[in-house]
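Enquirer: Provide a 3D model corresponding to the input given below.
(chains A and B)
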Amino acid sequence: GQQVMQIPQYQHVQEGEDFTTYCNSSTTLSNIQWYKQRPGGHPVFLIQLVKSGEVKKQKRLTFQFGEAKKNSSLHITATQTTDVGTYFCALTAYVGGTSYGKLTFGQGTILTVHP
Amino acid sequence: DAGVIQSPRHEVTEMGQEVTLRCKPISGHNSLFWYRQTMMRGLELLIYFNNNVPIDDSGMPEDRFSAKMPNASFSTLKIQPSEPRDSAVYFCASSFVAGGTPGNTIYFGEGSWLTVV
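Expert: Numbering: from 1, shown residues only, chains lettered A, B, ... in the order given. Presented below is the predicted three-dimensional model:
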């Protein structure tokens, strides 16, 4: 099945610094989703990107989908302690051309923010 | 609106015992997923159902694991017998999948934290 490589695995930043995590696939993606999991919590949907070159913003978070639809990034400007958690990208997986909703998750990037 | 409801939230059990985890998906959702999360292996999909039918159970680690979805509002994941290496957080998640829609949001429950000693 489709695989995605997410980097870095860990990122430690000082509060106020920027943060970026990347997801890369060897195959063209139909769409990509991003989720955030707070420590001790569960993954929560952030956003979905569908179009080539798409850029979406949520306050200090900027999400990009590559022109070739093979990579994506999540950038946080001026991190805050509330940004702490694990950020996952996720791909739609198809079974015989049909999506039953299955998502394949990247390994996640664990973000630590030092005050 | 109630989200995905899982029980128990925490369970500590002795090796060899049977463990049953329960899940109530969001009303109206037609796909249900069981994930397992550990530090070593990350977030793994164990099995998923669509319209109560198991679609893919290739992620189920061993025959000790089984899952059922008798109706649209309930699913169970059973481990029998349990082993210490089964200790993990087990998430149930649900989604509404409409044909032709490019992707769908998955909603996770709060997880069942299992410790097998």
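
Enquirer: Parallel or antiparallel, list what pairs with the worst-scoring helix or strand of chain A on mean pLDDT.
Expert: Lowest by mean pLDDT, DSSP states H and E among the helices and strands of chain A is strand A:103-105, with a mean of 89. Take DSSP bridges as the rule and strand A:103-105 pairs in its sheet with strand A:85-92 (antiparallel).

Enquirer: Contacts made by the partner strand with the rest, please.
Expert: Residues from elsewhere that reach strand A:85-92 (C-beta atoms under 8 Å, 6 or more residues apart in numbering or on different chains): A:2, A:4, A:6, A:21, A:23, A:25, A:29-39, A:41, A:43, A:72, A:74, A:99, A:102-106, A:108-111, B:43, B:102-104, B:106. No exception for glycine: its C-beta is placed from N, CA and C like everyone else's.

Enquirer: buried subset of those residues?
Expert: A:4, A:6, A:21, A:23, A:25, A:29, A:31-37, A:43, A:72, A:74, A:99, A:102-106, A:108-111, B:43, B:103-104, B:106 (16 or more other C-beta atoms under 10 Å in any protein chain shown).

Enquirer: Out of those residues, which sit inside strands?
Expert: Counting by DSSP state E, the part of those found in strands is A:4, A:6, A:21, A:23, A:25, A:32-37, A:72, A:74, A:103-105, A:109-111, B:43.

Enquirer: what about chain B, any weak spots by pLDDT?
Expert: Within chain B, the stretches with pLDDT under 70 are B:1, B:99-103.

Enquirer: Could you find the closest non-adjacent residue to the residue nearest the centre of it?
Expert: Residue closest to the average C-alpha location in chain B (C-alpha atoms, centre = their mean): residue B:34, at 2.5 Å. Excluding its sequence neighbours, the residue lying closest to residue B:34 (C-beta to C-beta, 6 or more residues apart in numbering or on different chains) is residue B:46, at 4.5 Å.

Enquirer: what sits up against the strand or helix carrying the one you found?
Expert: Using DSSP states H and E, residue B:46 maps to strand B:42-50. Contacting residues not belonging to strand B:42-50 are listed as A:43, A:88, A:100-105, A:107-108, B:30-38, B:54-57, B:59-61, B:65, B:67, B:69, B:75, B:77, B:91, B:97 [C-beta under 8 Å, 6+ apart].

Enquirer: ok, 7 Å please
Expert: Strand B:42-50 is contacted from outside by A:88, A:100, A:102, A:105, A:107-108, B:30-37, B:54-57, B:59-60, B:65, B:67, B:69, B:75, B:97, using C-beta atoms under 7 Å, 6 or more residues apart in numbering or on different chains.

Enquirer: who in chain A is up against chain B?
Expert: Proximity of chain A to chain B, by C-beta under 7 Å from any C-beta of the partner chain, involves residues A:30-31, A:33, A:42-43, A:45, A:48, A:50, A:88, A:92, A:95, A:99-103, A:105, A:107-108.

Enquirer: Lovely, talk soon.
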